[in-house]
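Trainee: this one's sequence-less:
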């Protein structure tokens with residue numbers, strides 16, 4: 001999973017810069033089409049906005065407000081593709097929208113929209129074999145049913161609710177890791193922690209990039225016939241430092257943020273009206289929704305937006321902003337009674353946005369990913385910049401970038417199969433049957449409580465992890481006071497290119513996604529990584545401290 005030798009010695013048809021959703025899917029689609037592919041990222045795989053998103057796989061229902069049925073259909077198709085190809089990572093998420101009063105606020109007005117969505121997306125479950133992964137039709141809930149699910153709405157006097165389904169990711173980072181490993185299985189050369197210092201341009205043509213391996217400090221060139229710059233908010237700065245002027249026109253960006261709060265997971269996701277308006281909506285219920293989503297036994301809330309014109313700005317979240325967001329939630333749902341101390345963790349990242357006043361609450365939200373063909377913009381051939389806007393569109397937009405590369409190389413564009421091909425570990429015909437199989441095998445090894453995590457993290461590849469315990473039963477031991485086994489840590493470092501403790505805690509496992517693990521868990525994991533990666537005692541302390549800095553400093557962290 002860090003193929004530095006291959007990257008530095010061979011020439012590739014396509015170099016993809018950035019291993020977020022758009023770069024990872026582009027690399028996989030290109031490998032499926034027979035291209036020789038290189039993929040690098042300056043940080044960890046999915047280490048930026050892709051792993052820190054809201055975990056939703058959007059089927060496009062909000063585009064009804066814009067009367068944009070084209071985008072609605074595209075989003076629905078991509079959600080279906082993810083449910084088909086990544087069944088271990090993506091599942092349907094029921095979302096309840098409470099209704100209040102009459103007219104545009106009524107259950108029947110909202111229900112008419114969701115029923116129209118059902119009709120427009122009648123083919124949404126085509127070729128989804130597992131019943132557990134199919135998107136059901138709209139349901140109407142009475143007032144009593146709504147309050148039974150969400151007692152904190154009692155004072156708001158709902159008239160009922162409408163329930164629809166969207167998609168939900170168990171782990172955005174692990175999904176992309178499966179995509180990248182699928183590309184590697186087809187011959188792609190990949191590496192995390194490899195910074196592109198400059199694009200190589202000669203005679204008006206992109207010919208690869210100069211790269212620095214952040215692990216060893218070694219610098220080398222990657223030779224490629226075509227290059228796709230999918231570095232997200234870093235795409236523009238990379239262009240600028242390579243002397244390409246169109247890099248200055250990639251903004252503005254929205255810092256999309258969400259919070260994990262110390263409240264038991266709700267029985268369904270719930271959408272309540274916040275304080276922000278979508279200025280591009282043609283029809284709607286007024287203000288945009290905030291979503292409260294069940295997440296690892298806690299509650300995930302979002303999304304909030306702040307406009308940044310320059311992605312190189314210092315992007316932070318302040319205590320004052322968090323307090324403002326909590327006030328907004330408490331105004332919409334007084335029964336939540338959230339306080340600053342209830343915030344366990346947050347996530348945020350930059351995504352392209354519409355032209356908006358940074359000081360305004362009412363915004364023009366971004367609609368489409370940006371495709372910059374530098375032959376047209378800068379006179380540089382064989383170079384495309386793809387700045388993706390929404391994780392759900394990663395596969396489809398990645399496919400579009402690959403087709404551009406094939407066209408640039410003068411090759412026939414074959415039909416894509418990435419929308420139907422299972423990602424690594426995703427070849428699951430009977431989801432319930434696989435769950436029982438994993439549980440039975442894990443029970444024999446004394447780790448039955450990890451069976452669901454193994455299923456959702458690894459799918460049919462779960463045997464790779466359990467094989468370590470079968471060979472060495474001591475690897476069934478837990479990491480401190482966490483449920484994580486030593487075998488999962490060893491597997492991650494040997495097969496999944498873990499370089500830092502943060503990689504393990506935030507992106508390879510689930511022990512840190514709802515709040516900071518205790519010191520016992522962090523040190524236990526770090527000790528295993530130290531043996532595998534030859535860390536010193538000072539390295540261990542630095543890595544543990546780095547993880548702790550990821551979490552809010554206004555909440556006392558567990559010792």
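Mentor: Looks like it came in fine. On a predicted model such as this, the values are computed, not experimentally measured, just so you know.
Trainee: check which helix or strand covers the closest residue in space to residue 479 that isn't next to it in sequence.
Mentor: Distances taken as Cβ to Cβ, 6 or more residues apart in numbering place residue 524 nearest to residue 479, at 3.9 Å, with adjacent residues excluded. Quick note: C-beta positions are derived from backbone N, CA and C, even for glycine. Secondary structure assignment for residue 524, by DSSP states H and E: helix 519-533.
Trainee: related to what we said a few turns ago, what sits against the residue nearest to residue 479?
Mentor: Neighbouring residues of residue 524 by Cβ atoms under 8 Å, 6 or more residues apart in numbering: 478-480, 482, 486.
Trainee: which one (most neighbours) among the residues you listed?
Mentor: residue 479 (24 neighbours; other Cβ atoms under 10 Å).
Trainee: gap between stretch 172-186 and the chain center?
Mentor: Here stretch 172-186 shows a centroid-to-chain-centroid distance of 13 Å under the convention Cα atoms, centre = their mean, to the nearest Å.
Trainee: buried stuff in that stretch?
Mentor: Within stretch 172-186, the residues that count as buried by 16 or more other Cβ atoms under 10 Å are 172-184, 186.
Trainee: now do stretch 184-197
Mentor: 184, 186, 188-196.
Trainee: and for stretch 58-78?
Mentor: 58-66, 68, 72-78.
Trainee: let's see which of those end up in helices.
Mentor: Among these, DSSP state H puts 72-78 in helices.
Trainee: from these, which is closest to residue 97?
Mentor: residue 72 (17.2 Å; Cβ to Cβ).
Trainee: for that closest one, give its distance to residue 327.
Mentor: As judged by Cβ to Cβ, to the nearest Å, residue 72 and residue 327 stand 33 Å apart.
Trainee: equivalent analysis for residue 53, please.
Mentor: 24 Å.
Trainee: okay, these two: which has more neighbours?
Mentor: More crowded of residue 53 and residue 327, by other Cβ under 10 Å: residue 53, with 26 against 12.
Trainee: okay, residue 286: pLDDT?
Mentor: pLDDT for residue 286: 60.
Trainee: same question for residue 226.
Mentor: 98.
Trainee: quick one: list the elements packing against the helix or strand hosting it.
Mentor: Taking DSSP H and E as the definition, residue 226 sits inside strand 219-229. If you count contacts as 3 or more Cβ pairs under 8 Å, 6 or more residues apart in numbering; DSSP states H and E, strand 219-229 packs onto helix 4-9, strand 11-17, strand 37-40, strand 194-202, strand 205-213, helix 235-241, strand 383-387, helix 394-408.
Trainee: how about these in a markdown table, adding mean pLDDT and distance to residue 341?
Mentor: Formatted as a markdown table, the helices and strands packed on strand 219-229 follow (pLDDT from 0 to 100; distance: least, Cβ to Cβ, whole Å):
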| stretch | mean pLDDT | distance to residue 341 |
| --- | --- | --- |
| helix 4-9 | 97 | 45 |
| strand 11-17 | 98 | 41 |
| strand 37-40 | 98 | 41 |
| strand 194-202 | 97 | 38 |
| strand 205-213 | 98 | 42 |
| helix 235-241 | 93 | 37 |
| strand 383-387 | 96 | 37 |
| helix 394-408 | 97 | 36 |
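Trainee: looking at these, which is buried most?
Mentor: strand 37-40 (a mean of 30; mean count of other Cβ atoms under 10 Å).
Trainee: where does the stretch 251-400 of the chain have low pLDDT?
Mentor: 276-286, 354-367 (pLDDT under 70).
Trainee: mind listing the strands for the stretch 151-300 of the chain?
Mentor: For the stretch 151-300 of the chain, the strands defined by DSSP state E, counting those that start in this stretch cover 160-169, 189-191, 194-202, 205-213, 219-229, 253-261, 269-277, 287-295, 298-304.
Trainee: okay, those in TSV with distance to residue 350 next?
Mentor: Output for those, formatted as TSV (distance: least, Cβ to Cβ, whole Å):
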stretch	distance to residue 350
strand 160-169	19
strand 189-191	23
strand 194-202	18
strand 205-213	22
strand 219-229	16
strand 253-261	4
strand 269-277	18
strand 287-295	19
strand 298-304	13
